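Chemist: build me a structure from this.
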Amino acid sequence: MHIHFIAIGGSAIHNLALALHHKGDTITGSDDTIFEPSKSRLEKAGLLPETMGWFPEKITSILDAVILGMHAKEDNPELLKAQELGLKIYSYPEYLYEHSKNKTRVVIGGSHGKTTITAMILHVLHYHNISADYMVGAQLEGFDTMVHLTDENDFMVLEGDEYLSSPIDRRPKFHLYKPNIALLSGIAWDHINVFPTYENYVEQFKIFVDSIIKGGSINYNEEDPEVVKVVEASENTIRKIGYQTPEYSIENGITLLETPEGPMPIEVFGKHNLNNLAGAKWICQHLGVDEDDFYEAIATFTGASKRLEKIAESSTAVAYKDFAHSPSKVAATTQAVKNQYANRKLIACLELHTYSSLNPEFLKEYQGALDAADVAVVFYSPHAVEIKKLKPISKEQIANAFEREDLIIYTDPKVFKEFLFQQDFKNSTLLLMSSGNYGGLDFEEVKGLV
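Modeler: Below is the predicted model:
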C-alpha cells in the first residue's frame, strides 16, 4: 500500500510510519516542523520530508490511504485536498483498529499506569519469544519502535490513550479500538482542556468499558473506587476480573515481591508499580503465559523510558526522572521514592507543564501531592502559560494549592538550575517529575550531581 502521513513528525505517529515502512508499505509524509528524536529516526529510514511544509500536490488519487496526525489543523491544505479527492483518511487509532480488526485486541486503559503496564506485558512476551503486534507510548529497552505491525501475529497489544484521535475526530483514542481483552488501571481527572468537568472525564471510561466486544473481559484495579464504580455499573456482557496490589517488602532499597516460591527481588518499585504489575500479570495469563513464567520475566523489567527512570547513582545518592504530572501520579511517585529510600533526604522537583497543571481551577487538585518529599520544589514558566493562552498563575496560587508552607517555587530556568547545582546530594534522592525539561535543563549534566 502507498500511505501518506500528514504531520508525520509527531512522537507517536512517526512510529506508525516507521512500522508500516518496515512492514513493506510505501510511505510518504509532510510536516511543518519535526523535532528529535523523530527527525533522526525518519531520516535513517529515508522517510524525512525533503522540505518542511504542506504540499497539496503530494495528495493524488494513487494513494491508498492518508493518516492524519494531531499536529495538523482542520484547514491543512493536504487534508483539504485528500477530502476533495475522496481518499480514505484515517486517524492514528482508526488505522491501528483497521490493521488489527481480525486480531485479538488487548487494550490497556487508565489515567495513569497504562504505559508501564503495556511495557510490562510486552517485556514478558518478548522475554518468552511470544510474538505480538503492539503500540506503546514510550520507548522500551529491546524494542526498536513504539509500534510494531505484522500480517501474521494473532494478538495486538494497545496502550489506550483517552486523548483526542485527530483534528477532525474528537473521540478519545481508546474508544476506537473495540478490545477483546481490556484493563482499566485508574481514573483521576486529567486533560482539563478537553474534558472540562470530572463527570465528563469519567464518562469516557464508561464508554471504553461498554466498547469491549461482547463476551470479552476486563481486568480492573479494585483499589480505585471510581474504576470499581464504572466497571460494576456497566451492563456490557463481559467478564469482570478485579486485581489488587500484591504483597511486597522493601529491604535496603530493594523491593521484594511475594511469590509462591518466596520473596523475589524486582527492579521496579512503589505501590503503584506493584499494582501495575498485578494487572500486567492477569493480561499475560490471558495471553497464555503462566504465573511462574511471568515472574521469571518480570524480574528483569527495568521500566519504560521516563517512568521512574534511574538516571544516576552513587554509593550515597540516586537520581530519577519521571513523566509524572497529574496530581495522583505525582503523589504516588513521590511516596514510592520516599518509601524505597526511607533513610535518605528526598528532593522532589515538579514542573507544571501541561494545560491541566497550569490551569488555576485545576491547581487545587495538587493538594498534598508533594507531602512525602523532604524538600519540595515546583517550577513553572509564565511564558509557557502565555503560549498556551491560559490565565496567568501566581506563586501564591501554587503555594495555596499544594498547602505546603516550605514549598520552593521557581519561574526562571537559570535560577532553578542554580538551586539544583548548589544542593548537597550526600545521602539524598533526587526526583525530577515533568513532561518537559524545566526550561532547558540538560539531564546529562544532572547525572554529575550525584
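
Chemist: tell me which element the closest residue to residue 89 other than its chain neighbours falls in.
Modeler: Computed as Cβ to Cβ, 6 or more residues apart in numbering, the closest residue to residue 89 that is not its neighbour in sequence is residue 66, at 4.8 Å. For glycine as for every other residue, the C-beta is placed from the backbone atoms N, C-alpha and C. If you go by DSSP states H and E, residue 66 is part of strand 65-68.

Chemist: that strand pairs with which strands, parallel or anti?
Modeler: Its sheet considered, strand 65-68 pairs with strand 2-6 (parallel), strand 89-91 (parallel) by DSSP bridges.

Chemist: what's the closest of the ones you listed to residue 280?
Modeler: Nearest to residue 280, of all the strands paired with strand 65-68, is strand 89-91, at 27.2 Å by Cβ to Cβ.

Chemist: centre of the chain to whichever strand in the chain runs longest, how far?
Modeler: Across the chain, the longest stretch assigned as strand under DSSP state E is strand 345-352. Here the centre of strand 345-352 is set off from its chain's centre by 20 Å, with Cα atoms, centre = their mean, to the nearest Å.

Chemist: what comes up buried for that strand?
Modeler: Using 16 or more other Cβ atoms under 10 Å as the burial criterion, the residues of strand 345-352 that qualify are 345, 346, 347, 348, 349, 350, 351, 352.

Chemist: what bridges to the fifth one?
Modeler: Counting by DSSP bridges, residue 349 is bridged to residue 377, residue 432.

Chemist: now do it, the pLDDT please.
Modeler: Residue 349 is assigned 96 on the pLDDT scale.

Chemist: quick one, what contacts it?
Modeler: By Cβ atoms under 8 Å, 6 or more residues apart in numbering, the residues touching residue 349 are 377, 378, 379, 416, 420, 430, 431, 432, 433, 434, 438.

Chemist: mind doing that once more with 10 Å?
Modeler: With contact set as Cβ atoms under 10 Å, 6 or more residues apart in numbering, residue 349 has these partners: 321, 370, 373, 375-379, 408, 410, 416, 419-420, 430-434, 438, 441.

Chemist: any of those buried? List them.
Modeler: Buried by 16+ other Cβ under 10 Å: 321, 370, 373, 375-379, 410, 416, 419-420, 430-434, 438, 441, out of the contacts of residue 349.

Chemist: next, the closest residue to residue 206 other than its chain neighbours: phi, psi?
Modeler: Computed as Cβ to Cβ, 6+ apart, the closest residue to residue 206 that is not its neighbour in sequence is residue 230, at 5.4 Å. Main-chain torsions, residue 230, degrees, to the nearest 10: phi -70, psi -50.

Chemist: gap between the residue of the chain positioned farthest from its centre and residue 94?
Modeler: Going by Cα atoms, centre = their mean, the residue of the chain most distant from its centre is residue 61, 36.0 Å out. In this structure, residue 61 and residue 94 are 21 Å apart, going by Cβ to Cβ, to the nearest Å.

Chemist: same check on residue 432?
Modeler: 36 Å.

Chemist: cool, and residue 265?
Modeler: 43 Å.

Chemist: let's have the buried residues of strand 345-352 in a markdown table, adding distance to residue 178.
Modeler: Shown next, in a markdown table, are those (distance: Cβ to Cβ, whole Å):
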| residue | distance to residue 178 |
| --- | --- |
| 345 | 49 |
| 346 | 43 |
| 347 | 45 |
| 348 | 40 |
| 349 | 41 |
| 350 | 36 |
| 351 | 36 |
| 352 | 36 |
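
Chemist: can you give me the helices for the chain?
Modeler: Along the chain, the segments classed as helices by DSSP state H run 13-23, 38-44, 77-85, 92-100, 114-127, 198-210, 225-233, 271-286, 291-298, 327-340, 382-387, 395-402, 413-421, 443-447.

Chemist: what's the domain layout of this structure?
Modeler: When the chain is parsed with automatic domain parsing, its domains come out as 2-87, 95-298, 309-447.

Chemist: what distance separates the start and the end of the longest one?
Modeler: Across its full length, domain 95-298 reaches 31 Å end to end, with Cα to Cα, to the nearest Å as the criterion.

Chemist: any idea of the mean pLDDT for it?
Modeler: Domain 95-298 carries an average pLDDT of 94.

Chemist: how far is that domain from where the chain is centred?
Modeler: The chain centroid and the centroid of domain 95-298 are separated by 11 Å, computed with Cα atoms, centre = their mean.

Chemist: thinking residue 91 is in contact with residue 167, fair?
Modeler: Yes. Contact criterion Cβ atoms under 10 Å: residue 91 and residue 167 qualify, at 8.8 Å.

Chemist: looking at those two, which one has more neighbours?
Modeler: More neighbours surround residue 91 than the other of residue 91 and residue 167, with 22 against 19 (other Cβ atoms under 10 Å).

Chemist: which residues does the more buried one contact?
Modeler: Contact analysis of residue 91 by Cβ under 10 Å, 6+ apart lists 13, 67-70, 97, 164-169, 171, 173, 176.

Chemist: could I have the buried ones of those as ChimeraX selection syntax?
Modeler: In ChimeraX, this line selects whichever of the contacts of residue 91 come out buried by 16+ other Cβ under 10 Å:
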select :13,67,68,69,70,97,164,165,166,167,169,171,173,176
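
Chemist: just flag the most distant two among the contacts of residue 91.
Modeler: Farthest pair in the contacts of residue 91 (Cβ to Cβ) is 97 and 167. Separation: 18.3 Å.

Chemist: can I get the helices of the chain in JSON lines with distance to residue 52?
Modeler: Below are the helices of the chain laid out as JSON lines (distance: least, Cβ to Cβ, whole Å):
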{"stretch": "helix 13-23", "distance to residue 52": "14"}
{"stretch": "helix 38-44", "distance to residue 52": "10"}
{"stretch": "helix 77-85", "distance to residue 52": "13"}
{"stretch": "helix 92-100", "distance to residue 52": "21"}
{"stretch": "helix 114-127", "distance to residue 52": "30"}
{"stretch": "helix 198-210", "distance to residue 52": "34"}
{"stretch": "helix 225-233", "distance to residue 52": "43"}
{"stretch": "helix 271-286", "distance to residue 52": "39"}
{"stretch": "helix 291-298", "distance to residue 52": "43"}
{"stretch": "helix 327-340", "distance to residue 52": "35"}
{"stretch": "helix 382-387", "distance to residue 52": "20"}
{"stretch": "helix 395-402", "distance to residue 52": "37"}
{"stretch": "helix 413-421", "distance to residue 52": "27"}
{"stretch": "helix 443-447", "distance to residue 52": "27"}
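
Chemist: out of the ones you listed, which gets nearest to residue 306?
Modeler: Here helix 114-127 is closest among the helices of the chain (Cβ to Cβ), at 8.8 Å.

Chemist: which elements pack onto that closest one?
Modeler: strand 104-109, strand 133-135, strand 155-160, strand 181-184, helix 271-286, helix 291-298 (3 or more Cβ pairs under 10 Å, 6 or more residues apart in numbering; DSSP states H and E).
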